[in-house]
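[1] generate a structure from the sequence data that follows.
(2 chains)
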Amino acid sequence: MNLDRDAIKAAVRAKVIELAKNLGMDASDIGDDDLIPATGYVDSAAILELVVWYEDAYQMPLKQEEINIDNLGSINSMTDFVLKRKG
Amino acid sequence: MAFALHAPRVNNNDDIVQVIAFRVGVGDFVKQGDIILDVETDKAIVEVAAENEGYVLKLMCAVDDKVAVGGILLWQGESADEPVPEAPVAVAAEGGGNARPTAKARALLKELGLDAAALPASGERLTLADVEAYMAAHGIQRRDHAPAATVSARESLPDVPGELRDLNAEERGMLLTVSWHRDHAAATYLEVEYDPKDWEAHAAAYASENKLMLSPLLPLLAYRYVQLVKASPRLNATVVNGKRFQYQPVNLGFTVQAGETLYLTVVRDADTLDTKPFIEALGEVQRHALQRKLSREETTGATIAFSSMARWNVSRHIPILPPYCSLMIAHAAPKGSGRAVLGASYDHRVLSGFDVARLLMELAKPPV
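    Below is the predicted model:
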């Protein structure tokens, strides 16, 4: 597990792009602050997959109430949340 | 130490199998997967294979005997001279006596690992119907006991090269579901179309208010469904042994596709939850499904069910009813069509088309 900020961002971005690709979408231009659910690249089921991957990748079980826009809404916020919890 | 080979469950309806032929005798050494005997039910003849290698120590039944499912067919051991434990005779027999389980009830109790003393009897004997009612009330489902090699000598294989393989646990579960739908439910389907705009606006407002990551559209639809069923308990029932079984809790089954596996996850006592706790509970079981960490409580006991294939852009899908579940809603919303569909598979033994159509029409509108 690499907890370097750039490495986390790259990993999250790669996962979003992979999930979007499964749905026939190209998310390669997604911005670090774009609201992931609002981009239209991934649907709710894919976001759920993203959350499950995130928990596993960073060994960080989430409480249901933590799964919200403030904590996980964008690539940057997902990165910040890992660093905050692991820091 | 000696170990037993039990009579398998061949299908849902037969609690007894009849021994047709033994292919081994006492003293024979058999390997795992070797065919040991043939048994027959009302519907099929199947070969029963050894679950473990070992010597045949004692046959507990004879050709033409009828044996309760789960009963001991024979004993095996690691050596040919091991002692055989004292055990109940496997041959099914109608016995007398007060407050004792009937043979069929006893076989089912054994299959489920239940203690007869824990179950209420409706009469002097604990009957199969009593056990089935208890199962329905507690969300207990029968395991599929299809043996490893179930192609009988009389059942022909396709005239095409191929290979038989065992079903995995999920495939066995699906086979059980499909079999119950086919053999028990009087399954019927109807649907209504609706304009999804109001529901989408309702879900968007809820998501914004609660800063949700995931669209709450399907959870809110499912919650509304639970509330409507709670208000009309008649919708929350099944048929057991020719009688209506009215469920007390509303346990919502909700399909989740995890890779290639389709799970029916279950939110128990959904009727007791408010909106937010319900959405959180549903999110929790969905995550457990993707993590392959579902508990037994999260996969059994659905009294009603909901499935959406909106993600896959299908215009209609007709669900299979899970065991002891009389109603399953199917949601579809073809992209770009400006319309959505709420369909329902339902057990016509329990529900009428009027019951279901009225429910769907109410569900098509978000709560005021």
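
[2] contacts, neighbours, all on C-alpha from now
    Noted.

[3] where exactly do the helices run in the chain?
    I went with chain A, as the question did not name one. Applying DSSP state H to chain A gives helices spanning A:5-22, A:36-39, A:44-57, A:69-72, A:75-86.

[4] try chain B instead
    Under DSSP H, chain B gives helices at B:103-112, B:128-138, B:169-183, B:197-210, B:217-231, B:275-290, B:353-363.

[5] same list (those) but as CSV, adding mean neighbour count and distance to residue B:32.
    Below are the helices of chain B laid out as CSV (neighbours: other C-alpha atoms under 10 Å in any protein chain shown; distance: least, C-alpha to C-alpha, whole Å):
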stretch, mean neighbour count, distance to residue B:32
helix B:103-112, 20, 22
helix B:128-138, 19, 33
helix B:169-183, 16, 20
helix B:197-210, 15, 55
helix B:217-231, 20, 46
helix B:275-290, 20, 33
helix B:353-363, 16, 50
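
[6] closest to residue B:312 out of those helices?
    helix B:217-231 (14.2 Å; C-alpha to C-alpha).

[7] for the closest one, packing partners?
    helix B:197-210, helix B:275-290, helix B:353-363 (3 or more C-alpha pairs under 8 Å, 6 or more residues apart in numbering or on different chains; DSSP states H and E).

[8] show me what the mean pLDDT comes to for it.
    For helix B:217-231, mean pLDDT is 97.

[9] coming back round to it: which one, of the helices and strands packed on helix B:217-231, ends up nearest to chain A?
    helix B:275-290 (6.0 Å; C-alpha to the nearest C-alpha).

[10] now the closest one against helix A:44-57, angle please.
    Between helix B:275-290 and helix A:44-57, the angle comes out at 70 degrees (axes from the mean of the first three to the mean of the last three C-alpha atoms, to 10 degrees).

[11] just give me the neighbour total for residue 35.
    If you meant another chain, say so; for now it's chain A. By the measure other C-alpha atoms under 10 Å in any protein chain shown, the count of residues near residue A:35 is 19.

[12] oops, chain B please
    Other residues close to residue B:35 by other C-alpha under 10 Å number 19.

[13] quick check: closest non-adjacent residue to it.
    residue B:49 (4.2 Å; C-alpha to C-alpha, 6 or more residues apart in numbering or on different chains).

[14] tell me how far the one you found lies from residue B:7.
    11 Å (C-alpha to C-alpha, to the nearest Å).

[15] between the two, which one's more packed in?
    residue B:7 (24 against 21).

[16] quick one: contacts for the more buried one?
    B:17, B:67, B:68, B:69, B:70, B:71, B:72, B:73 (C-alpha atoms under 8 Å, 6 or more residues apart in numbering or on different chains).

[17] just flag the most distant two among the residues you listed.
    B:17 and B:72 (11.7 Å).

[18] contacts made by the helix or strand bottoming out on mean pLDDT in chain A with the rest, please.
    When each helix and strand of chain A is scored by mean pLDDT, DSSP states H and E, helix A:36-39 comes last, with a mean of 92. Counting contacts by C-alpha under 8 Å, 6+ apart, the residues outside helix A:36-39 that touch it are A:30, A:42, A:43, A:44, A:47, A:73, A:74, A:75, B:213, B:214.

[19] not counting sequence-adjacent ones, nearest residue to residue B:328?
    Going by C-alpha to C-alpha, 6+ apart, residue B:328 has residue B:305 as its nearest residue, at 4.4 Å.

[20] rebuild the helices of chain A as a markdown table, extending it with distance to residue B:289 and mean neighbour count.
    Below are the helices of chain A laid out as a markdown table (distance: least, C-alpha to C-alpha, whole Å; neighbours: other C-alpha atoms under 10 Å in any protein chain shown):
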| stretch | distance to residue B:289 | mean neighbour count |
| --- | --- | --- |
| helix A:5-22 | 18 | 18 |
| helix A:36-39 | 21 | 16 |
| helix A:44-57 | 10 | 18 |
| helix A:69-72 | 20 | 20 |
| helix A:75-86 | 22 | 17 |
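
[21] report pLDDT for the residue nearest the centre of chain A.
    Centroid-nearest residue in chain A: residue A:12, 4.8 Å away (criterion: C-alpha atoms, centre = their mean). Looking at residue A:12, its pLDDT is 96.

[22] now do the contacts for the residue lying closest to it once chain neighbours are set aside.
    Spatial nearest neighbour of residue A:12, chain neighbours left out: residue A:75 (6.3 Å); criterion: C-alpha to C-alpha, 6+ apart. By C-alpha under 8 Å, 6+ apart, residue A:75 lies in contact with A:9, A:12, A:13, A:31, A:32, A:33, A:34, A:36.
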